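In: Following is a predicted model, sequence given first.
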Amino acid sequence: MGTIYYGGSATPIQIEDRALAHLKVVIATKLRRGESFTVSWRHLPDEPRGRSTIWLHPSIPLRFVFDDPEPSELSRTWIEELAQSANSSGGISLVAEHIEAEGIPDDAPQTVEVAD
């Protein structure tokens, strides 16, 4: 489980390492361009019901911490899906990765664990 530390918030945001690796690419690209945007996710089942959204701005400190010492292999398709949502008026919606086996889309996407 990876963690995002954003600004001076005392509450870190917990995100599964693989999802965080993909999210980091999109966030870094947007912030490098000087763009502000939101990131939204649904709460984990063991947390209070609901969803959260944070506003990301290039001037606010941001740190990504990964539990796994080895970087995840990235999916171009998942990065493109996240980037497309980042460019929408609703900002990034953290969605599950759709795994493809031998070119056939898997109808049951991986679960992406996200918590704040």
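Out: Structure's in. What do you need?
In: And stretch 18-31, what's buried?
Out: In terms of neighbour count (16 or more other Cβ atoms under 10 Å), stretch 18-31 has its buried residues at R18, A19, L20, A21, H22, L23, K24, V26, I27, K30, L31. In this view, the C-beta of every residue, glycine as well, is placed from N, C-alpha and C.
In: Kindly report the same for stretch 74-81.
Out: By neighbour count on 16+ other Cβ under 10 Å, the buried set for stretch 74-81 is S75, W78, I79, E81.
In: and the two most separated of the residues you listed?
Out: Farthest-apart pair in these is S75 and E81; separation 9.0 Å (Cβ to Cβ).
In: Quick one: residues contacting the residue nearest the centre of the chain.
Out: For the chain, the residue nearest the mean C-alpha position is L23 (3.6 Å; Cα atoms, centre = their mean). Residues near L23 by Cβ atoms under 8 Å, 6 or more residues apart in numbering: I15, V39, L82, I92, L94.
In: Going by distance to S9, which of those wins?
Out: For the contacts of L23, the nearest to S9 is V39 (13.2 Å; Cβ to Cβ).
In: any idea how far the closest one is from E73?
Out: In this view, V39 and E73 are 22 Å apart by Cβ to Cβ, to the nearest Å.
In: between these two, who's got more neighbours?
Out: The residue with more neighbours, out of V39 and E73, is V39; 25 against 7, by other Cβ atoms under 10 Å.
In: Checking my notes, that one in a strand, right?
Out: Yes: under DSSP: H, G, I helix; E, B strand; the rest coil, V39 sits within a strand.
In: residues near the nearest residue to it once chain neighbours are set aside, how many?
Out: Using Cβ to Cβ, 6 or more residues apart in numbering and skipping residues adjacent in sequence, the residue nearest V39 is I92, 4.5 Å away. A count of nearby residues for I92, using other Cβ under 10 Å, gives 25.
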